[in-house]
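> pasting a predicted model and its sequence here:
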Amino acid sequence: MSTPCITLYPTGQKLPQVGMGTWKLDKNLCEETIYQAIKMGYRHFDAACDYGNEVEVGLGVQKAIQENIVKREDLFITSKLWNTFHAKEHVESIVQKQLKDFGLDYFDLYLIHFPVSLEYVDPSVRYPPGWAYDGKNDVRTANVPLQETWTAMEELVTAGLVKAIGVSNMCGGLLVDLLRYARIRPSVLQVEHHPYLTQTKLVQLAQSEHIAVTAYSSFGPLSFRELNWDSANEAKILFEHDTVLKIAQNHQRTPAEVLLRWSTQRGLIVIPKATDPVLMKQNLEHIQFDLTEDEIRAISSLNINLRFNDPSDYLSDSKRLFIFA
Ligand SMILES: NC(=O)c1ccc[n+]([C@@H]2O[C@H](COP(=O)([O-])OP(=O)(O)OC[C@H]3O[C@@H](n4cnc5c(N)ncnc54)[C@H](OP(=O)(O)O)[C@@H]3O)[C@@H](O)[C@H]2O)c1
């Protein structure tokens, strides 16, 4: 079965509504997982410099292309600009490196990963650089305004290195500001989105501006429990929430399918990460049923504005930025 697509503005590209994430995808499993995912029917992959596995994800993509399972143009591959490369002189060279790592000529979509500029770390010193300048705990912001970075992102489109550009982890105010100066508009906004963090106004704003919204960490605390984060350990697992369980029972579906459908039925794109082939297939095919309006409302009412991936947690106290609300 083929996945429905969202048509991106202004490029007209077709973005499959169900993709696969690659954050925390073990390097040793990447090539085979991505290869099997493509064989299963996945056509959309979400990657990033920061995930540290673009070489291995790329090997899976190359294998599928070499075996004529897909052509490059059948795939939609997203990657992201890391915080340390926001200055205009670093943007193109880091994309060139990421494309080389992947074995690709272009990315279908390239996002600013966070609206937070950090001091440059040369890839020969440490790659991926992560949040801290010293690789430990010294987080240093850099004086690079977003407009400079966005202009450099636009030049990537002109140079043919990326087909579309977008943003991630951006709040409404920054998005409105970006739209004032964008020569090429953002096609996609990628944000944390699950029943504990519905971001209703932000999603409405983006969709009203024809910016497609990709939801990440659709299962809420689950992904962050892998990192043993307190906020995730303290939150009730969504798969065990009575509301989600009851709706899953109504449809004879798993809680994971219900959580994904709650997003896709409202026009969002989802990119769950899975390594188990049974779960990968379940995620890809979750669109075969519909929730009722009441069920969608009941899931949305679980919102408690609980953000797990909060960049202000990564910045030291003196540099805390509360720019994501
Ligand atoms: N832009 C950003 O700042 C940002 C931040 C976070 C994530 N992302 C992107 O979004 C993607 C998805 O988010 P995420 O990785 O945080 O988490 P996620 O997809 O919400 O959750 C991943 C976890 O759910 C499990 N899982 C997957 N499908 C399942 C199913 N059907 N039933 C039960 N468990 C299932 C996975 O298991 P196994 O893997 O063990 O099989 C893994 O433990 C990332 O991989 C990344 O590409 C972007």
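Yep, that arrived.

> for the residue lying closest to Val121 once chain neighbours are set aside, what are its contacts?
Excluding its sequence neighbours, the residue lying closest to Val121 (Cβ to Cβ, 6 or more residues apart in numbering) is Pro129, at 3.8 Å. C-beta here means a position set from N, CA and C on the backbone, and glycine is covered the same way. Residues near Pro129 by Cβ atoms under 8 Å, 6 or more residues apart in numbering: Trp82, Thr84, Leu118, Val121, Pro123, Gly135.

> out of the residues you listed, which sit inside strands?
Among the contacts of Pro129, none falls in strands (DSSP state E).

> just the closest of those residues to Lys100, please.
Pro123 (11.2 Å; Cβ to Cβ).

> how near is that closest one to Ala142?
16 Å (Cβ to Cβ, to the nearest Å).

> before we move on, what about Ser187?
Distance from Ser187 to Ala142, by Cβ to Cβ: 26 Å.

> ok, these two, which is more surrounded?
It is Ser187, of Ser187 and Ala142, that has more neighbours when counted by other Cβ atoms under 10 Å, with 25 against 14.

> mind listing what the more buried one touches?
Residues near Ser187 by Cβ under 8 Å, 6+ apart: Leu8, Tyr9, Pro10, Thr11, Gln13, Leu109, Ala164, Ile165, Gly166, Ile211, Ala212.

> tell me the pLDDT of it.
pLDDT recorded at Ser187 is 98.

> against Asn228, how distant is it?
From Ser187 to Asn228 the distance is 35 Å (Cβ to Cβ).

> for Ser263, same thing?
Taking Cβ to Cβ, one finds Ser263 at 26 Å from Asn228.

> which among the contacts of Pro129 gets closest to Arg43?
Trp82 (25.0 Å).

> list the contacts of the spatially closest residue to the closest one that is not a sequence neighbour.
Of all residues not flanking Trp82 in the chain, Cys49 sits nearest, at 4.4 Å (Cβ to Cβ, 6+ apart). Neighbouring residues of Cys49 by Cβ under 8 Å, 6+ apart: Ser79, Lys80, Leu81, Trp82, Phe85, Ile94, Gln98, His113, Tyr127, Pro128.

> can you select the buried ones among the residues you listed for me in ChimeraX?
A single ChimeraX command selects the buried members of the contacts of Cys49 (16 or more other Cβ atoms under 10 Å):
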select :79,80,81,82,85,94,98,113,127,128
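
> out of the contacts of Cys49, which touch the ligand?
Restricting these to those within reach of the ligand (Cβ under 6 Å from any ligand atom) leaves His113.

> save the contacts of Cys49 as CSV, and put in pLDDT too.
Output for the contacts of Cys49, formatted as CSV (pLDDT from 0 to 100):
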residue, pLDDT
Ser79, 99
Lys80, 99
Leu81, 98
Trp82, 98
Phe85, 98
Ile94, 98
Gln98, 98
His113, 98
Tyr127, 98
Pro128, 98
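
> of the contacts of Cys49, closest to Asn28?
Of the contacts of Cys49, the one sitting nearest to Asn28 (Cβ to Cβ) turns out to be Pro128, at 17.5 Å.

> which residues does the closest one contact?
Neighbours of Pro128 in contact, by Cβ under 8 Å, 6+ apart: Cys49, Asp50, Tyr51, Gly52, Trp82.

> the stretch 1-150 of the chain: strands as residue ranges?
5-7, 14-16, 20-21, 44-46, 76-81, 107-112 (DSSP state E, counting those that start in this stretch).

> contact residues of the chain facing the ligand?
Counting by Cβ under 6 Å from any ligand atom, the chain comes close to the ligand at 21-24, 46, 113, 168-169, 190, 216-219, 222-223, 226, 256, 271-276, 279, 282-283, 309.

> which among these end up buried?
In the residues of the chain next to the ligand, burial by neighbour count holds for 21-23, 46, 113, 168-169, 190, 216-219, 222-223, 256, 271-274, 282-283, 309, counting by 16+ other Cβ under 10 Å.

> just the buried residues of the lowest-mean-pLDDT helix or strand in the chain, please?
Least confident helix or strand of the chain, by mean pLDDT, DSSP states H and E, is helix 230-234 with a mean of 94. Neighbour counts using 16+ other Cβ under 10 Å place Ala232 of helix 230-234 among the buried residues.

> mind giving me the packing neighbours of it?
Applying 3 or more Cβ pairs under 8 Å, 6 or more residues apart in numbering; DSSP states H and E, one finds that helix 230-234 contacts helix 221-225.

> which residue, other than its chain neighbours, is closest to the closest residue to the ligand within the stretch 1-150 of the chain?
Closest approach between the stretch 1-150 of the chain and the ligand, counting by Cβ to the nearest ligand atom: Gly21, at 2.2 Å. Leaving out its chain neighbours, the residue that sits closest to Gly21 by Cβ to Cβ, 6+ apart is Lys273, at 3.6 Å.
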